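[1] Just a sequence and a predicted model for now, questions to come.
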Protein chains: 4
Amino acid sequence: MTGVPADAPVSLDQLKQIMNEFAKERNWEQFHSPRNLLLAMVGEVGELSEIFQWKGEVPKGLPDWKEEEKVHLGEELSDVLLYLVRLSDMCGVDLGKAALRKVQLNAKKYPKKVSEEDPSSTTKDPATSEEA
Amino acid sequence: MTGVPADAPVSLDQLKQIMNEFAKERNWEQFHSPRNLLLAMVGEVGELSEIFQWKGEVPKGLPDWKEEEKVHLGEELSDVLLYLVRLSDMCGVDLGKAALRKVQLNAKKYPKKVSEEDPSSTTKDPATSEEA
Amino acid sequence: MTGVPADAPVSLDQLKQIMNEFAKERNWEQFHSPRNLLLAMVGEVGELSEIFQWKGEVPKGLPDWKEEEKVHLGEELSDVLLYLVRLSDMCGVDLGKAALRKVQLNAKKYPKKVSEEDPSSTTKDPATSEEA
Amino acid sequence: MTGVPADAPVSLDQLKQIMNEFAKERNWEQFHSPRNLLLAMVGEVGELSEIFQWKGEVPKGLPDWKEEEKVHLGEELSDVLLYLVRLSDMCGVDLGKAALRKVQLNAKKYPKKVSEEDPSSTTKDPATSEEA
């Protein structure tokens, strides 16, 4: 579909272009206003949450999940991503650049630990939770 | 930070690696369980929604937004992306591959329009809204 | 079901008790941990958002919606409420009292307008958007 | 504020009226379109999620939380409720009636357990998760 080797890393620009063509070919551009896409993304976040809702705490790597559940999870994660990419595009935001910039802001805000202090003293991951 | 040319397309793998190093260097891996990351992402979706909440309908490209508002928007979009990338990684899901696969599923489910039928007959974008 | 007259106002305590009995009778208490319920509520917020996602701006009172759509909307609004009530209960929070207290905090924070100033000068509803 | 005894059960109608007056007195009715309120509610769900995001699994009753954290939690739960009540009102939905109706639908869909079957066979709480 995109002329990119099957195992090449997937870029945000590539997904943006795919979503753009996809909408054009189906005459869906009319529906893709920023707030429509935002609400669609919230809908997908809801579907993602449903996968985890009755499971209690889940260990990293999901060792006990069936292959079928993991495939479903990949689909819901993808739906969130695809709408996020499309929303960014319709807002005129270069999501890849914005993400790299945000990482650098976070790195300044939260310098690497150099000492051997007690990690439990950090009670929250502050990387993105305080910019409100 | 990553040894990648400044204008190279940003890939999901690249962001995954950055987030991985970032967490390791700060001793945050202990906090990054799947459900913690999911809730953190929901928090960021909330912050993104706050940007749009009192605005009524917003045209594509956000022509009337101040530069400062667009920068803020880029940060919140990025926060959602970064947690989504990290969540996928902690679940053992290759997000880029999953997204390409999902696009192909969508393409099969919703073939391109070939005829000149009334676009308004499609009352919803079905690409991702019916997989629940 | 509850021995309350059909047209009596529905209270939060009443819903709490109904949800409590409902879970007990089905042996679902084991699933109703705070974070499980929170994620279930996020799932319902997603379903609610799906109803609005492709509609563009929607006028108050939903004058053009079919009766069937409004019934569906009422169900999704209710699902959010029922999980919110249950989540509050499982956290030991008296939701009704908390809500009245929050309204009073808001009233102090945002005094009534007495003068005839330009309402458009208030660009956002601040009642609940700044307590983060 | 409402002429209701301090320990009377708080009803949804009462909250609806309070929110209605509150908006009127501040000239905020102009902002309270359905989708604005929905996005505002999503914002509050995000703030609620932030409270739980780095905590891992949390036991019922939140035995280890500080009083101050519980008060904050009550405020965020209330914010979600208040916007939900206002959104319902602006959509012309009687939230209390809708909720009682939804409970009855759920009761039909998921009859009480009468036998002593293995509760773990029910792997999800189906009460509200399948109406999508």
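    Arrived safely.

[2] tell me the contacts of A:M90?
    Shown in contact with A:M90 (C-beta atoms under 8 Å, 6 or more residues apart in numbering or on different chains): A:H32, A:S33, A:P34, A:L37, B:K60, B:G61. C-beta coordinates here come from the backbone N, C-alpha and C atoms, glycine included.

[3] From chain D, how far off is it?
    The gap separating A:M90 from chain D is 16 Å, by C-beta to the nearest C-beta, to the nearest Å.

[4] Which residue comes closest to that residue once chain neighbours are left out?
    In space, A:M90 comes closest to B:K60 once its chain neighbours are excluded; the distance is 5.0 Å by C-beta to C-beta, 6 or more residues apart in numbering or on different chains.

[5] Which residues are in contact with the one you found?
    Neighbouring residues of B:K60 by C-beta under 8 Å, 6+ apart: A:H32, A:S33, A:P34, A:M90, A:C91, A:G92.

[6] and A:M41, how many neighbours does it have?
    27 (other C-beta atoms under 10 Å in any protein chain shown).

[7] immediately after the helix or strand containing it, which helix or strand?
    Assessed by DSSP states H and E, A:M41 sits inside helix A:34-52. Downstream of helix A:34-52, the next assigned helix or strand under DSSP H and E is helix A:67-90.

[8] now that following helix and helix A:34-52, what's the angle there?
    Interaxial angle of helix A:67-90 relative to helix A:34-52 (axes from the mean of the first three to the mean of the last three C-alpha atoms, to 10 degrees): 160 degrees.

[9] Can you name every helix or strand that the helix or strand that helix A:67-90 is followed by contacts?
    Along the chain past helix A:67-90, the next helix or strand (assigned with DSSP H and E) turns out to be helix A:95-109. Using 3 or more C-beta pairs under 8 Å, 6 or more residues apart in numbering or on different chains; DSSP states H and E as the contact test, the elements touching helix A:95-109 are helix A:12-25, helix A:67-90, helix B:12-26, helix B:67-90.

[10] Go through the ones you listed and name the closest to C:K97.
    Among these, the nearest to C:K97 by C-beta to C-beta is helix B:67-90 (32.9 Å).

[11] now that closest one and helix B:12-26, what's the angle there?
    For helix B:67-90 against helix B:12-26, the angle by the same axes, to 10 degrees is 80 degrees.

[12] What residues sit buried inside helix B:67-90?
    For helix B:67-90, the neighbour count (16 or more other C-beta atoms under 10 Å in any protein chain shown) marks B:70, B:72-90 as buried.

[13] quick one on the thing from earlier: so which of the contacts of A:M90 is the closest to C:V42?
    Taking these together and measuring to C:V42 by C-beta to C-beta, the closest member is A:L37, at 18.5 Å.

[14] Once you drop chain neighbours, what's closest to that closest one?
    A:L87 (4.2 Å).

[15] my read: the one you found touches A:R35, true?
    No: with contact defined as C-beta atoms under 8 Å, A:L87 does not count as touching A:R35 (9.3 Å).

[16] any idea how far C:A40 is from A:K109?
    Using C-beta to C-beta, to the nearest Å, A:K109 is found at 33 Å from C:A40.

[17] So the two - more neighbours on which side?
    C:A40 (29 against 12).

[18] Please name the nearest non-neighbouring residue to the more buried one.
    Residue nearest to C:A40 in three dimensions, not counting chain neighbours: A:Q53, with 4.5 Å by C-beta to C-beta, 6+ apart.
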